[in-house]
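Novice: build me a model:
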Amino acid sequence: MNLFLRSRVRLLALGMALGTVFTGCQQESKNPFERYVPSHEAAKEAVTRIMEGWLKGLPPGESGSKQPEVHVVDQTRRADQRLARYEILGEVPADNARAFAVRVTYVGTDEPEILRYIALGVDPMWIFRREDYEGIWSHGSEAPADRAGEPAKKP
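Specialist: Okay, here's the model as predicted:
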């Protein structure tokens with residue numbers, strides 16, 4: 001993930017955490033991040049919109065959506081990587097966010113791949129590809145997690 005985007009995302013996370021601290025005294029909730037977790041329906045709709053945008057040839061990072069404002073972080077996807085079809089398999093567990101497993105098939109191959117997208121925020125909403133979301137919290141580590149979800153081995 002480039003340095004500018006990583007800094008921007010870290011600032012977003014810091015702002016959300018500080019907002020939680022300042023409003024935490026006013027609200028008695030077991031989970032202070034609850035207000036930043038989109039509803040199942042809104043998150044699934046946003047993931048659907050970014051997948052439809054990918055089918056239409058929108059570049060990585062664009063959702064084709066205006067309301068709610070949706071930002072896409074997908075640094076793994078190549079600009080020339082075209083999508084033939086997709087299927088949202090369903091919601092999968094995630095801490096303080098919504099996550100969806102999506103089966104994708106690329107143009108020129110019959111071999112599907114399962115991707116995981118994480119939705120955070122309400123308006124704006126951020127949709128992260130799992131690898132990018134995990135990269136935010138690595139704090140500059142040069143060893144990203146592999147595609148199977150196992151932590152990368154550090155030298």
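
Novice: wouldn't Phe33 be in contact with Arg98 here?
Specialist: No: between Phe33 and Arg98 no contact is recorded; they are 11.8 Å apart, counting by Cβ atoms under 8 Å. No exception for glycine: its C-beta is placed from N, CA and C like everyone else's.

Novice: give me the buried positions along stretch 101-121.
Specialist: Taking 16 or more other Cβ atoms under 10 Å as the basis for neighbour counts, the residues of stretch 101-121 that come out buried are Val102, Val104, Leu115, Arg116, Tyr117, Ile118, Ala119, Leu120, Gly121.

Novice: same question for stretch 41-55.
Specialist: Buried residues in stretch 41-55, counting neighbours by 16+ other Cβ under 10 Å, are found at Ala42, Ala43, Lys44, Glu45, Ala46, Val47, Arg49, Ile50, Met51, Gly53, Trp54.

Novice: show me those that map onto helices.
Specialist: Using DSSP state H, Ala42, Ala43, Lys44, Glu45, Ala46, Val47, Arg49, Ile50, Met51, Gly53, Trp54 are the members of the buried residues of stretch 41-55 that sit in helices.

Novice: and these, which two are furthest apart?
Specialist: Farthest-apart pair in these is Ala42 and Trp54; separation 19.1 Å (Cβ to Cβ).

Novice: what residue ranges in this structure score low on pLDDT?
Specialist: Low-confidence segments of the chain (pLDDT under 70): 1-29, 61, 63-65, 138-155.

Novice: mind listing the helices for it?
Specialist: Taking DSSP H to define them, one finds helices in the chain at 3-24, 40-55, 130-136.

Novice: can you show me the CA trace of the shortest one as CSV?
Specialist: Once non-C-alpha atoms are left out, helix 130-136 reads as follows in CSV (Å, rounded to 0.1, in the frame of the first residue of the first chain):
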residue,chain,number,x,y,z
ARG,A,130,-8.6,-8.1,3.5
GLU,A,131,-4.9,-7.9,2.5
ASP,A,132,-5.0,-4.1,2.5
TYR,A,133,-6.9,-4.0,5.8
GLU,A,134,-4.4,-6.2,7.5
GLY,A,135,-1.5,-4.2,6.0
ILE,A,136,-2.8,-1.0,7.8
